[in-house]
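1. how would this look folded up:
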Amino acid sequence: MNKRKFDVVVWGATGFTGRWVAKHLYDTYSDRDLNWAVAGRNADKLAQVKEFIGDAQNRIPELLADSNDEASLKTLVASAKVIITTVGPYAYYGSALVKACAEAGTHYVDLTGEVPWMRTMIDQHHETAKHSGARIVHCCGFDSIPSDMGNYFTQLQAKERLGAYLKSVRYTVVKAKGGISGGTVASMINIIKEAVRDRNVRRILGNPYSLNPDPTFRGPDKPDQAGVEYSKELGLWTAPFMMAGVNTRVVRRSNALMAFEYGEDFSYSETMATSKGAAGYMAAKTISTGIKAIAFTSITAAGRTVLGWLLPSQGEGPKVDPENPGFYIIQFNGETADGRSFVTRLSGDSDPGYGSTSKMLAEAGVCLANDELAIEGGFWTPASAMGDALLDRLQRAAGLTFEVIESAD
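-> Sure, this is the predicted structure:
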């Protein structure tokens, strides 16, 4: 691995999120000891990325490859310690790259939220990655670093302050401001499309433990919140959180990979808060209805076409305002087995859909490339793979703040 030409290669750097990943690396590591490159299939667009990140001196190398050309992917992954990829939907464009990394012993991080595809990749390539030493880590953006690392931080602090891990943790998006990228939209629509025609995909989506090493494991968690509920501990109405179906399964996989450190009876859920009173209820109802409407519309080809007109297209994203970059606040409420409560908060300093996501993904890639991690090859989660090292990087360089706000110690 030390003989690889590059520490990190950003694959898909010409896309909306890929450009911001490259910009974070350029702004943060240009004057540090990190040898990295941008990669894509179009040389002209890569040149535009270099202009976007401010590389006037042409210091960052450009590499060409094609998702449909296995030989070019093998050459690409052989040149790097870590591949950071933003090329989705991953079920369409990501499988060959995962296979190439697993075979070459190249570490890998991505932004996927496609649970059925992740299950397939784990089943097909875990043993190969374990043998080669490749550390494959899915879900290193807003799906699912705030969830996975937020729970990790919360559990560490509870153990230190209360002397016990939490048996139940509830994640709530309290406030957020940001947009959605076309890549995220395309992935969500593709998952629904696959679920309509494939019973196995529906089975995976309906299993709360579908990403566990053993997906037949049965614990206390039930299906994710589907309607409006009132949270007594927050004093707010809550709605379903669109990403809960991904994030909850990643957190449960982390627990399993860490030898069920939080217990086999550990319970984890996610939701999104609105506000108090009738206004809060109506806001939560609107969100719930909107999510169901998107899912229903995505069932047919005609509906997916309509959504394509209304939502951002592949490679596009929200309008970026440097003066108002967005933010998010997430609260974690938990209890120990004997009923003691514990509350933490996680804050992100920019739009969760691209600004914060790009920084988290970039730091996860650098962490795999440069930090000493006590794991072997295989398929991991952010918390189980990078733990304290990533927690430090997220706070130091990715604009995340973790804090304890209430402890029954």
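2. and the helices in the stretch 51-200 of the chain?
-> Under the criterion DSSP state H, counting those that start in this stretch, the stretch 51-200 of the chain carries helices at the ranges 70-78, 90-93, 95-104, 115-132, 145-162, 182-197, 199-206.
3. so which of the ones you listed is nearest Leu307?
-> The closest of these to Leu307 is helix 182-197. By CB to CB, the value is 6.2 Å. C-beta here means a position set from N, CA and C on the backbone, and glycine is covered the same way.
4. using PDB, write down the CA coordinates of that closest one.
-> What follows is helix 182-197, C-alpha atoms only, in PDB (Å, rounded to 0.1, in the frame of the first residue of the first chain):
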ATOM      1  CA  GLY A 182     -29.700  15.000  -8.000                       C
ATOM      2  CA  GLY A 183     -27.600  12.000  -7.100                       C
ATOM      3  CA  THR A 184     -29.600  11.500  -3.900                       C
ATOM      4  CA  VAL A 185     -32.900  11.800  -5.800                       C
ATOM      5  CA  ALA A 186     -31.800   9.300  -8.500                       C
ATOM      6  CA  SER A 187     -30.700   6.800  -5.800                       C
ATOM      7  CA  MET A 188     -34.100   7.000  -3.900                       C
ATOM      8  CA  ILE A 189     -36.100   6.700  -7.100                       C
ATOM      9  CA  ASN A 190     -34.000   3.700  -8.200                       C
ATOM     10  CA  ILE A 191     -34.500   1.900  -4.900                       C
ATOM     11  CA  ILE A 192     -38.200   2.200  -5.200                       C
ATOM     12  CA  LYS A 193     -38.100   1.100  -8.900                       C
ATOM     13  CA  GLU A 194     -36.100  -2.000  -7.800                       C
ATOM     14  CA  ALA A 195     -38.500  -2.700  -4.900                       C
ATOM     15  CA  VAL A 196     -41.500  -2.700  -7.200                       C
ATOM     16  CA  ARG A 197     -40.100  -5.500  -9.400                       C
END
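5. still on that earlier bit, lowest average pLDDT across the helices of the stretch 51-200 of the chain?
-> Within the helices of the stretch 51-200 of the chain, the least confident segment by mean pLDDT turns out to be helix 182-197, at a mean of 75.
6. elements contacting that helix?
-> Judged by 3 or more CB pairs under 8 Å, 6 or more residues apart in numbering; DSSP states H and E, the packing partners of helix 182-197 are helix 16-29, helix 90-93, helix 115-132, helix 199-206, helix 301-310.
7. sorry, back to before: can you lay out the helices of the stretch 51-200 of the chain as JSON lines showing distance to Lys359?
-> As requested, the helices of the stretch 51-200 of the chain are arranged in JSON lines below (distance: least, CB to CB, whole Å):
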{"stretch": "helix 70-78", "distance to Lys359": "23"}
{"stretch": "helix 90-93", "distance to Lys359": "20"}
{"stretch": "helix 95-104", "distance to Lys359": "22"}
{"stretch": "helix 115-132", "distance to Lys359": "22"}
{"stretch": "helix 145-162", "distance to Lys359": "10"}
{"stretch": "helix 182-197", "distance to Lys359": "16"}
{"stretch": "helix 199-206", "distance to Lys359": "29"}
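8. using a markdown table, lay out the ones you listed together with distance to Cys367 and mean neighbour count.
-> Below are these laid out as a markdown table (distance: least, CB to CB, whole Å; neighbours: other CB atoms under 10 Å):
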| stretch | distance to Cys367 | mean neighbour count |
| --- | --- | --- |
| helix 70-78 | 18 | 18 |
| helix 90-93 | 21 | 19 |
| helix 95-104 | 16 | 23 |
| helix 115-132 | 17 | 19 |
| helix 145-162 | 11 | 23 |
| helix 182-197 | 22 | 20 |
| helix 199-206 | 28 | 15 |
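9. out of these, which gets nearest to Glu264?
-> helix 145-162 (14.8 Å).
10. for the closest residue to Phe327 other than its chain neighbours, what are its contacts?
-> For Phe327, ignoring the flanking residues on the chain, the nearest one in space by CB to CB, 6 or more residues apart in numbering is Lys177 at 5.7 Å. The contact partners of Lys177, taken as CB atoms under 8 Å, 6 or more residues apart in numbering, are 326-328, 351.
11. among those, which are located in strands?
-> Counting by DSSP state E, the part of the contacts of Lys177 found in strands is 327-328.
12. Ala364 contacts Pro382, doesn't it?
-> Yes. Under the contact definition of CB atoms under 8 Å, Ala364 touches Pro382, with a separation of 6.3 Å.
13. which neighbours do those two have in common?
-> Contact criterion CB under 8 Å, 6+ apart; residues bridging Ala364 and Pro382 by contacting each: 137, 140, 145, 390.
14. for the spatially closest residue to Pro382 that is not a sequence neighbour, give me its contacts.
-> Using CB to CB, 6+ apart and skipping residues adjacent in sequence, the residue nearest Pro382 is Asp148, 4.8 Å away. Contacts were defined as CB under 8 Å, 6+ apart; by that measure Asp148 touches 139, 247, 250-251, 254, 381-383.
15. likewise Gln124?
-> Neighbouring residues of Gln124 by CB under 8 Å, 6+ apart: Lys99.
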